[in-house]
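Q: model the structure of this input:
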Amino acid sequence: MSPTQATTTQKTTTPDTTRTTTGAPPAAAPRTEDVAAALHRARDHLLDLQSPEGWWKGELQTNVTMDAEDLLLREFLGVRTADDTAEAARWIRSQQRADGTWANFHDGPPDLSTTIEAYVALRLAGDPVDAEHMRRAAAYVRDAGGIEASRVFTRIWLALFGQWSWDDLPVMPPEMVFLPSWFPLNVYDWACWARQTIVPLTVVCALRPVRPLPFDLPELRTGRRPRRAKDAWGHAFGALDRALHVYQRRPVRTLRTAALRRAAEWIVARQEADGSWGGIQPPWVYSLMALNLLGYDLEHPVMRRGLDGLDRFTVRDETGRRLEACQSPVWDTVLAVTALADAGLPADHPALLRAAGWVLDEEVRGPGDWSVRRPFLPPGGWAFEFDNDIYPDTDDTAEAILALRRTAHPDAGPAIRRAVRWLTGMASRDGGYGAFDADNTRVLCARLPFCDFGAVIDPPSADVTAHVVEALCGEGLAGSRVVRRAVVWLLNAQEPDGSWFGRWGANHVYGTGSVVPALVAAGVRRDRPAIRRAVAWLEAHQNPDGGWGEDMRSYDDPAWIGRGVSTPSQTAWALLALLAAGERSAAVDGGVGWLVRNQREDGTWDEDHFTGTGFPGDFYINYHLYRLVFPVSALGRYLEEAMP
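A: Residues are numbered from 1 along each chain as shown. As a prediction, the model looks like this:
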């Protein structure tokens, strides 16, 4: 879920509709016995993936910047080994396309910054400049504008190694750590993932280290100056940045020293039990560098935990060594529990009880950064990762409530009540829900020259708000004020075409697939215009093969909205919405038929295309368990409705 990813601007294109079909064309309604057989195979496969402790975790696949930056971090700290380098380089090479580029998602457009970072990592691994794959990559970089056109974060990495001037980067002073929470541009104005990244980066950028590489990168340069925003905000913040550059050259020494000390304390206080920061890659790597620059030796317990923890996020196989940007065991587990319950497992099934016990042990019972905006709200809820107690989120908490209610675990009740109380208190002023914080809506920080890396705030979104609504309605709160306000928020957020934007999944298929079941659970009648328009949108965007898909380019290019190769997870999202809306239609039969026809013999499905969203327009995720849990839920609910 890295906030440091960015894509180059792409021309608006019309999707090639011939690419949106897979498999045979849809036939008649699938036979009930075929659907049941597919569901049983998928259910058994999912059960086989459960850990002895009770959790599920699929790989969280992103892009090669994770692996390139891991090598650069190790080079910076002086701990890079030949074996790590060779394994990571093998993986990075395996992801390069025929044109020499790297993308941020499967079959996506070339990404300039990702290609630059991958190229530098391969140079670090010893790949020669004149090798064919390196020549193709360098040619693309130059054609796309060179290092000069890359994102700020890529140029920060290059500045660390003497390949870019610190003077030519925007300034973020560490003194901002002293700003009170009510003051503009204080660290809590940023989303949790961004603030955890920005605070250590202010240290790194204030100290401006240079640890030269054994090579230069003239082949990636064009000599042109980086582009700057020309609007009023761009001019205003450009002036602020120039003033900060003056201060950077002559800071108030006592204030700067105090700010660096306070930043270090802030960083150390937020290290998780597994050694990470926030359980995500960007703050992790920048925190390690910042603390090292402030005198923390590599054998210091904080540094040791941080470096050792990276191994837990490392995947090794025959393709090489790659780093997960994050891990999703709580999310995967609660979705798996719901799926298995939808597949007909009884509430007292040993797999569900074991999973519920593990989830209950993962409950967050202490305060975190969310407490800054809600200081008197008692804790209760769940985070995404194994160890991320500082940052529980409303999305995981809602799905955990829904899952625990499907089990017969005797200790679930008190945890659910605490979670309901916490969710109720985390509503934003407008009635909607962000993922990690309430009222994280100040847009000023997104205008800074430093922020060209995507989402930096955490405003309410339709998918998260919908999951919260569905969870609270399951607890008998459909008539409560908090649910009524959230429903109004959702109705107001519906797009003119009848869909909903998907913040954390791709994209309008995910948003619509999340909202329709929530509105129905809240008591919105299935014949109401909002539901009918959503159903019409889904039916209009069904692929000729019966499935659904939406390409990640839909976040940047409206021509792609609702368009893409059919995938198991997106087909299931559409089916879940249509089934909740009471549809027993050819569209539903076509989607179920697509799932049955495209299932593998082992019970799961192939899904190369990314359907998870870290940051719209910038960073995307392939959750490897999505291809299984959502189809299981969809098939299970379809059969439940089909049974007399």
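
Q: please enumerate the strands of the protein.
A: Listed in chain order, the strands of the chain (DSSP state E) span 60-61, 314-317, 320-323, 612-615, 619-623.

Q: which one of these lies nearest to residue 347?
A: The closest of the strands of the chain to residue 347 is strand 619-623. By CB to CB, the value is 25.7 Å. (Glycine included, C-beta is placed from N, CA and C.)

Q: from the contact counts, what lies against the closest one?
A: Packing partners of strand 619-623 (3 or more CB pairs under 8 Å, 6 or more residues apart in numbering; DSSP states H and E): strand 60-61, strand 612-615.

Q: got a markdown table for those strands, with distance to residue 111 too?
A: Shown next, in a markdown table, are the helices and strands packed on strand 619-623 (distance: least, CB to CB, whole Å):
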| stretch | distance to residue 111 |
| --- | --- |
| strand 60-61 | 15 |
| strand 612-615 | 13 |
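
Q: deepest-packed of those, please.
A: Mean neighbour count (mean count of other CB atoms under 10 Å) peaks for strand 612-615 among the helices and strands packed on strand 619-623, with a mean of 24.

Q: mean confidence (pLDDT) on that one, please.
A: Across strand 612-615, the average pLDDT comes to 95.

Q: restrict it to CA atoms and write it as PDB.
A: In PDB, the C-alpha atoms belonging to strand 612-615 read as follows (Å, rounded to 0.1, in the frame of the first residue of the first chain):
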ATOM      1  CA  GLY A 612      -7.000  -4.200  -5.200                       C
ATOM      2  CA  THR A 613      -6.300  -0.500  -4.900                       C
ATOM      3  CA  GLY A 614      -3.700   1.000  -2.700                       C
ATOM      4  CA  PHE A 615      -4.000   4.600  -4.000                       C
END
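
Q: the helices in the stretch 251-400 of the chain, which residues?
A: 253-269, 281-293, 301-312, 329-342, 350-361, 394-404 (DSSP state H, counting those that start in this stretch).

Q: buried ones in the third one?
A: Across helix 301-312, burial judged by 16 or more other CB atoms under 10 Å covers 302, 303, 306, 307, 309, 310.

Q: ok, the fifth one to residue 283 distance?
A: According to CB to CB, to the nearest Å, residue 309 and residue 283 sit 12 Å apart.

Q: likewise the second one?
A: Relative to residue 283, residue 303 is positioned 15 Å away (CB to CB).

Q: what does the fourth one give?
A: Applying CB to CB, the value for residue 307 to residue 283 is 15 Å.

Q: quick one, grab the pLDDT at residue 249.
A: Looking at residue 249, its pLDDT is 87.

Q: actually residue 19, sorry about that
A: pLDDT, residue 19: 41.

Q: what does residue 246 give?
A: In this model, residue 246 carries a pLDDT of 87.

Q: neighbours around it, how many?
A: Residue 246 has 10 neighbouring residues, counting by other CB atoms under 10 Å.

Q: for residue 474, same thing?
A: By the criterion of other CB under 10 Å, residue 474 has 17 neighbours.

Q: need the contact list for it.
A: Residue 474 sits next to 401, 402, 405, 521 when contact means CB atoms under 8 Å, 6 or more residues apart in numbering.

Q: swap in residue 321?
A: Applying CB under 8 Å, 6+ apart, the residues near residue 321 are 67, 84, 87, 88, 90, 91, 314, 315.

Q: pLDDT, neighbour count and distance to residue 377 added to the residues you listed, as TSV?
A: TSV is the format used below for the contacts of residue 321 (pLDDT from 0 to 100; neighbours: other CB atoms under 10 Å; distance: CB to CB, whole Å):
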residue	pLDDT	neighbour count	distance to residue 377
67	97	26	39
84	94	17	43
87	96	20	45
88	97	27	42
90	97	16	48
91	97	19	43
314	95	16	36
315	94	14	37
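
Q: from those residues, which is closest to residue 267?
A: Nearest member of the contacts of residue 321 to residue 267, counting by CB to CB, is residue 314, at 22.5 Å.

Q: please verify my assumption that the closest one contacts residue 320.
A: No - contact criterion CB atoms under 8 Å: residue 314 and residue 320 do not qualify, at 10.7 Å.

Q: export stretch 116-125 to PDB, keeping only CA atoms.
A: Only the C-alpha atoms of stretch 116-125 are listed here, as PDB (Å, rounded to 0.1, in the frame of the first residue of the first chain):
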ATOM      1  CA  ILE A 116      13.900   4.100 -13.300                       C
ATOM      2  CA  GLU A 117      14.100   2.500  -9.800                       C
ATOM      3  CA  ALA A 118      14.100  -1.000 -11.300                       C
ATOM      4  CA  TYR A 119      16.900   0.000 -13.700                       C
ATOM      5  CA  VAL A 120      19.000   1.500 -10.900                       C
ATOM      6  CA  ALA A 121      18.500  -1.700  -8.800                       C
ATOM      7  CA  LEU A 122      19.700  -3.800 -11.800                       C
ATOM      8  CA  ARG A 123      22.800  -1.500 -12.200                       C
ATOM      9  CA  LEU A 124      23.400  -2.200  -8.500                       C
ATOM     10  CA  ALA A 125      23.200  -5.900  -9.300                       C
END
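
Q: local confidence estimate at residue 449?
A: For residue 449, the predicted pLDDT is 70.

Q: state the distance from the nearest residue to it once chain neighbours are set aside to residue 502.
A: Nearest residue to residue 449, sequence neighbours excluded (CB to CB, 6 or more residues apart in numbering): residue 170, at 4.0 Å. Distance of residue 170 to residue 502, computed by CB to CB: 31 Å.

Q: for these two, indicate the residue with more neighbours.
A: residue 502 (27 against 21).

Q: distance of the more buried one relative to residue 554?
A: Between residue 502 and residue 554 the computed distance is 9 Å (CB to CB).

Q: overlap in contacts, those two.
A: residue 508.

Q: surely residue 86 meets residue 124?
A: No - using CB under 8 Å, residue 86 makes no contact with residue 124, being 11.1 Å away.

Q: who's more crowded, the two?
A: Taking other CB under 10 Å, residue 86 and residue 124 do not tie; residue 124 has more neighbours (21 against 13).

Q: the more buried one against residue 213, yeah?
A: Yes - counting by CB under 8 Å, residue 124 sits close enough to residue 213 to count as a contact (7.1 Å).

Q: anything in contact with each of the two?
A: Both residue 124 and residue 213 are contacted by residue 75, under the criterion CB under 8 Å, 6+ apart.

Q: can you lay out the helices of the stretch 251-400 of the chain as a markdown table showing mean pLDDT and distance to residue 163?
A: Supplementary listing: the helices of the stretch 251-400 of the chain in a markdown table, determined by pLDDT from 0 to 100; distance: least, CB to CB, whole Å:
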| stretch | mean pLDDT | distance to residue 163 |
| --- | --- | --- |
| helix 253-269 | 97 | 25 |
| helix 281-293 | 97 | 16 |
| helix 301-312 | 96 | 24 |
| helix 329-342 | 98 | 37 |
| helix 350-361 | 98 | 46 |
| helix 394-404 | 98 | 39 |
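
Q: stretch 141-149: which residues count as buried?
A: Neighbour counts over stretch 141-149 (16+ other CB under 10 Å) mark 141, 144, 146, 147, 148, 149 as buried.

Q: least trustworthy helix or strand in this protein by mean pLDDT?
A: None of the helices or strands of the chain scores lower by mean pLDDT, DSSP states H and E than helix 232-249, at a mean of 77.

Q: what angle do that one and helix 253-269 make?
A: With axes from the mean of the first three to the mean of the last three CA atoms, to 10 degrees defining the directions, helix 232-249 sits at 110 degrees from helix 253-269.
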